[in-house]
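> Let's see this in three dimensions:
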Amino acid sequence: MAQNFQIVLDSRPQGEAQASNFKIVNCDTPSLQDGQVLVRHHFLSLDPYMRGRMNDNKSYAQPQAIGEVMIGGTVGEVVESRHPKFKAGDTVVGMGGWQNYSVVDGNAMGALRKVNTTQVPMSHYLGAVGMPGVTAWYGLVKIIAPKAGETLTVSAASGAVGSAFGALAKARGCRVVGIAGGKEKCDYVVKELGFDECIDYKEHADYISLSKALKLACPKGIDGHFENVGGMVLDAVMLRSNAFSRIAVCGMIAGYNGAPLPMHTPSLILINRMKIEGFIVSEHMEVWPEALQELGAMVGGGQLRPRESVAMGLAAAPEAFLGLLKGKNFGKQLVKLI
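You can find the predicted model right below:
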């Protein structure tokens, strides 16, 4: 039996999450039962939503249980199978969590998805051609529903979701303006991802200043916005949003530590007849095949060149995750496990 190292949630954060909230444990991988599959994870995905799960608050999903393996997307290789659909050597994506191995019920709907790595590198199935990419696709196509020539903005533009959003929006003939933290990230967003402009929010002390920068970058106003951050960024965007603008909300990372996120000008929702819709991409599995087909073609064809930050080894996951929450990552944050 292989030794399986796992990281569990040991305590709930009080305010900002700490490395001490996690604990690494070791156990044997269990013997497989009929219908089960043993997967050796190659990469673990780290994502902002995990911070919300660490809280014991009412939310769209159950909180992460104390003493249980941290939730997380994984991609890896089947090493043993007692299910006819899977065989040793298959590359599969699932929600294996913060551990080196997972035992998966092969009959569970959507628990494992076989992927082809001949055109798309394995790690990208946790980023641009995975949940983050589909998140960008859904918010753009199903909520913002842009017309060619419209101006769109996206926060956290250099990240896994933001970079995919930009590529998808440009392919639809839109003007795309990113918002990111730091000159290096903004340069990448414009020069490598092909955004029209990118604004460094770190250069602005408040939402009024950021809004003035958006006015220069978006002279025709903002028709659609994809929100990953909330707080000052959302306030600034709303000041520059046009009548009948649409905002897709998939993240509020500015408030994940429990700080309130008051909205300064909610009256604009009525004045501009704005549509603001939050969504959870796992509730829209019907769009995944179409979205993944487009995203895979863009990565394979070079129209989307996603960047990755890779931490080495399971023990590095907590610090990499805490860095992600502070914007220290550049592109998709992964942990390489093998």
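> where does this structure dip in pLDDT?
Filtered on pLDDT under 70, the chain yields the residue ranges 1.
> can I see the domain layout of it?
Structural domains assigned to the chain are 3-127+307-336, 131-282, following automatic domain parsing.
> Quickly compare the ones you listed and say which is most buried.
Scoring these by mean neighbour count under mean count of other C-beta atoms under 10 Å gives domain 131-282 as the most buried, with a mean of 20. C-beta: built from backbone N, CA, C; applies to glycine.
> At the geometric centre of this protein, which residue do we find?
Centroid-nearest residue in the chain: Pro132, 4.0 Å away (criterion: C-alpha atoms, centre = their mean).
> Which one of the domains of the chain lies nearest to Gly300?
Proximity to Gly300 (C-beta to C-beta) singles out domain 3-127+307-336 among the domains of the chain, at 4.0 Å.
> Please name the residues that touch Glu80.
32, 37-38, 88 (C-beta atoms under 8 Å, 6 or more residues apart in numbering).
> now the domains of the chain as a markdown table including distance to Leu295?
Converted to a markdown table, the domains of the chain look like this (distance: least, C-beta to C-beta, whole Å):
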| stretch | distance to Leu295 |
| --- | --- |
| domain 3-127+307-336 | 9 |
| domain 131-282 | 4 |
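> Met298: which of those domains is closest?
Evaluated over the domains of the chain, closeness to Met298 peaks at domain 131-282, with 5.8 Å, by C-beta to C-beta.
> what about the closest one, start to end distance?
Domain 131-282 stretches 8 Å from its first residue to its last (C-alpha to C-alpha, to the nearest Å).
> same check, this time on stretch 164-179
Counting by C-alpha to C-alpha, the terminal residues of stretch 164-179 are separated by 14 Å.
> starting at the chain centroid, how far to it?
How far stretch 164-179 lies from its chain's middle: 17 Å, per C-alpha atoms, centre = their mean, to the nearest Å.
> Please apply the same query to stretch 258-274.
The answer for stretch 258-274 is 24 Å, by C-alpha atoms, centre = their mean.
> I'd like to check what contacts it. Which residues are they?
Residues from elsewhere that reach stretch 258-274, judged by C-beta under 8 Å, 6+ apart: 15, 55, 207, 230-231, 234-235, 238-239, 241-247, 252, 254-255, 276.
> one more time with 6 Å
Outside stretch 258-274, the residues within contact range by C-beta atoms under 6 Å, 6 or more residues apart in numbering are 230-231, 235, 238, 241, 243-245, 255.
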